[in-house]
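Q: Sequence and predicted structure are below.
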Amino acid sequence: MVGMKIHIVYAHPHTASLNAALRDEAVRTLEGLGHTVTVADLYAMQWKAVADFDDFGPTENEAFMPAAGEAWEQGEIAADVKAEQARLLAADLVILQFPLWWYTVPAIMKGWIDRVFTNGFGYGTSRDWPRFGDGVLKGRRAMVVVTTGAAESHLSDRGVNGDIDSLLFPLQHGVLFYTGMEVLPPVVVTSAHPGFSASDYADAVKDLRSRLETFAETAPVAYRRQAEDYDDDKRLKPGLEPAGTTGFALHLA
């Protein structure tokens, strides 16, 4: 596998956390394979987590989305946002790593999403804007690395937390696939609490390394492309789903 460019977007406030150790393992593994790795450590960067008019240059537009689009067209997006957009455009693989907090990403990573995937880059207001498999980041791969205190059984099909694929659907389908990236199955580290043992850590590292070593050959999640499988009302065309399928599963080929 020829050396590729990987960008890791990382969110955890504790520098000696399990997440920090796994991040360092990921960087060592990828660099050892000859890849070039960049890391956006959002807490260390003191990343601004609120998308607002301060991200744009001078504008008389009082509506936020049009103002964002205007700033993008004129090249007047905030420097930190512009730098992250450039890293995404240069990457072959984008990794989002975070602890699952209240069923979603930490606020600082949500702020990264809100600010980086701005109007003109992550989305457009035109009905013709390419999305769900055909966005600006088409041709790149993405993978989520997530830790959670819940046990694996809690995140199963009958688990009290809901199954992990459903919990990650808004992020994996609604953000990463929406913007064009092929989404690889996530790396999920469960039972990440004070009882997490050295043996548990060794198993997590083994799984993470295996996934990183094979990311170029791993089949992505088979999300349906908007341009192919949906009608003009953006509803799945009849007959594409197995009988009885509902919910998020409708959008898997």
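A: Nice, thanks for sending it over.
Q: Helices along this protein, start to end?
A: 18-32, 42-45, 64-74, 79-90, 107-116, 164-171, 198-213, 226-229 (DSSP state H).
Q: ok, so what distance separates the residue lying closest to Val175 once chain neighbours are set aside from Thr36?
A: Distances taken as C-beta to C-beta, 6 or more residues apart in numbering put Ile113 closest to Val175, at 5.9 Å, once the chain neighbours are dropped. No exception for glycine: its C-beta is placed from N, CA and C like everyone else's. From Ile113 across to Thr36, the span is 23 Å (C-beta to C-beta, to the nearest Å).
Q: Look at the residue nearest to Val175 and say how many residues are nearby.
A: 19 (other C-beta atoms under 10 Å).
Q: Switch the helices of the chain over to CSV; also include distance to Ser126 and mean pLDDT.
A: Listed next are the helices of the chain as CSV, based on distance: least, C-beta to C-beta, whole Å; pLDDT from 0 to 100:
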stretch, distance to Ser126, mean pLDDT
helix 18-32, 37, 97
helix 42-45, 31, 98
helix 64-74, 10, 92
helix 79-90, 20, 97
helix 107-116, 20, 98
helix 164-171, 23, 96
helix 198-213, 36, 96
helix 226-229, 14, 93
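Q: For these, could you give me CSV that also reports distance to Leu96?
A: What follows is these, written out as CSV (distance: least, C-beta to C-beta, whole Å):
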stretch, distance to Leu96
helix 18-32, 11
helix 42-45, 10
helix 64-74, 22
helix 79-90, 11
helix 107-116, 7
helix 164-171, 7
helix 198-213, 14
helix 226-229, 22
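Q: Of all those helices, which one is nearest Lys5?
A: When the helices of the chain are compared by C-beta to C-beta, helix 79-90 sits nearest Lys5, at 5.5 Å.
Q: That closest one packs against which elements?
A: strand 5-10, strand 36-41, helix 107-116 (3 or more C-beta pairs under 8 Å, 6 or more residues apart in numbering; DSSP states H and E).
Q: Now do the buried residues in that helix.
A: Asp80, Val81, Lys82, Glu84, Gln85, Arg87, Leu88 (16 or more other C-beta atoms under 10 Å).
Q: now it and strand 36-41, what's the angle there?
A: Following axes from the mean of the first three to the mean of the last three C-alpha atoms, to 10 degrees, one obtains 150 degrees for the angle between helix 79-90 and strand 36-41.
Q: picking that back up, go through the buried residues of helix 79-90 and name the one nearest Met109.
A: Glu84 (11.8 Å).
Q: Am I right that the closest one is in contact with Ala40?
A: Yes - Glu84 is within contact range of Ala40, at 6.3 Å (criterion: C-beta atoms under 8 Å).
Q: Spell out which residues are contacts of both of these two.
A: Val9, Trp112 (C-beta atoms under 8 Å, 6 or more residues apart in numbering).
Q: Quick one: closest of the helices of the chain to Leu250.
A: Set against Leu250 and scored by C-beta to C-beta, these come closest in helix 226-229, at 9.8 Å.
Q: Enumerate every residue touching the residue nearest to Gly122 when sequence neighbours are not counted.
A: Once flanking residues are discounted, Gly122 sits nearest to Thr179: 5.4 Å by C-beta to C-beta, 6+ apart. Listed by C-beta under 8 Å, 6+ apart, the contact set of Thr179 reads Phe117, Gly122, Tyr123, Arg131, Gly135, Val136, Leu137.
Q: per-residue pLDDT, the first one?
A: Right, the one you point to is Phe117. pLDDT, Phe117: 97.
Q: now swap in the third one and tell me
A: Per-residue confidence (pLDDT) for Tyr123: 93.
Q: How many residues are close by it?
A: 18.
Q: for the second one, same thing?
A: The local packing count at Gly122 equals 23, with neighbours defined by other C-beta under 10 Å.
Q: what do you get for the last one?
A: Residue neighbour count, defined by other C-beta under 10 Å, stands at 23 for Leu137.
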